[in-house]
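In: Sequence first, predicted model second:
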Amino acid sequence: MAKTEVTIEQIKKLKELSGAGLTDAKKALVEADGDFDKALEAMRKKGLTKAEKRGDRETREGIIDAYIHDGRLGAIVEVNCETSFVAKTDEFKTLAHQIAMQVASMAPLYVSEDDIPAEVKEAKIKELESNFKGPENMKEKILEGQVKKAFADKVLMNQPYILDDSKTVEQFIKEAIAKTGENITVRQFKRIELGVTE
């Protein structure tokens with residue numbers, strides 16, 4: 001029995017923020033003894049777990065969005081989801097626009113770590129190996145961490161999200177997956193800066 005009475009307003013608010021059903025929202029509030037923040041945290045954890053499972057569902061719909069800053073810098077992104085229904089929602093359009101802003105602002109080179117070409121990774125490992133000064137028995141583990149760190153700001157999914165740097169872009173997208181109930185992926189992007197060619 002909840003120590004604090006759970007109101008319908010709390011249930012609706014929790015449902016809205018977590019993307020869960022009314023029954024799940026009520027259950028979470030009751031389990032958290034009416035503590036809204038605790039219930040939301042529990043729902044987020046559940047939602048993100050569900051989002052992980054949705055990660056392998058196909059994304060054939062979506063939109064292309066662009067962000068131009070001051071006529072000198074711009075980014076165009078393709079963000080995909082599972083249905084045209086979700087692709088047409090304001091929330092999805094906003095998400096795509098925010099990803100375009102992220103690309104324009106933070107200049108990533110790759111969507112995920114899987115997109116880093118093997119030869120680029122190998123070259124970075126060789127460079128770090130030649131400058132390695134740590135203990136030999138820890139070499140592999142240290143180099144692995146250094147490689148990850150070297151590419152951290154170049155991988156879109158690993159970058160701190162520009163509108164809330166307490167989370168990564170990947171976490172931001174997973175939260176959207178939890179809310180929409182659909183898998184969401186960033187397929188590709190292109191960043192253009194006036195006078196700069198790759």
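Out: Structure's in. What do you need? In this text, all values refer to a predicted model and were calculated from it rather than measured experimentally.
In: Roughly how far does the residue sitting nearest the centre point of the chain sit from Val30?
Out: Taking CA atoms, centre = their mean, the centroid of the chain lies closest to Glu170, which sits 2.1 Å from it. Glu170 sits 31 Å away from Val30 when distances are taken as CB to CB, to the nearest Å. (C-beta placed from N, C-alpha, C; glycine too.)
In: Please apply the same query to Glu136.
Out: For Glu136 relative to Val30 (CB to CB), the value is 56 Å.
In: what does Val196 give?
Out: Computed with CB to CB, the distance linking Val196 and Val30 is 56 Å.
In: Same question for Thr89.
Out: Where Val30 is concerned, Thr89 sits at a distance of 30 Å (CB to CB).
In: looking at it, the residue nearest to the centre of the chain is touching Asn158, isn't it?
Out: Yes. Between Glu170 and Asn158 there is a contact at 6.9 Å, judged by CB atoms under 8 Å.
In: all helices of the protein, in order?
Out: In the chain, helices defined by DSSP state H lie at 8-18, 22-31, 36-54, 84-87, 90-106, 118-130, 139-152, 169-180, listed in chain order.
In: tilt between the last one and helix 8-18?
Out: Translated: helix 169-180. Angle, helix 169-180 to helix 8-18, by axes from the mean of the first three to the mean of the last three CA atoms, to 10 degrees: 130 degrees.
In: quick one: low-confidence parts of this structure?
Out: Counting by pLDDT under 70, the chain shows low-confidence ranges at 1-4, 16-21, 44-57, 198.
In: what's the domain layout of it?
Out: Segmentation of the chain into domains, based on automatic domain parsing, reads 8-54, 61-111+154-193, 117-152.
In: In contact with Glu193, which residues?
Out: Taking CB atoms under 8 Å, 6 or more residues apart in numbering as the contact definition, Glu193 lies against Arg72, Leu73, Gly74.
In: Select only the buried ones of those in PyMOL?
Out: To isolate in PyMOL the members of these that are buried, counting by 16 or more other CB atoms under 10 Å, one can use:
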select buried, resi 73+74
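In: For the contacts of Glu193, could you give me a markdown table that also reports distance to Leu95?
Out: A markdown table is the format used below for the contacts of Glu193 (distance: CB to CB, whole Å):
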| residue | distance to Leu95 |
| --- | --- |
| Arg72 | 25 |
| Leu73 | 21 |
| Gly74 | 18 |
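In: Restricted to strands, list the contacts of Glu193.
Out: Leu73, Gly74 (DSSP state E).
In: now, among the contacts of Glu193, which is nearest to Glu129?
Out: Of all the contacts of Glu193, Glu129 sits closest to Leu73, with 35.8 Å by CB to CB.
In: Contact partners for that closest one?
Out: With contacts taken as CB under 8 Å, 6+ apart, Leu73 has the following neighbours: Ala104, Arg191, Ile192, Glu193, Leu194.
In: So it versus Ala100, what's the distance?
Out: The value you get for Leu73 to Ala100, if CB to CB is used, is 11 Å.
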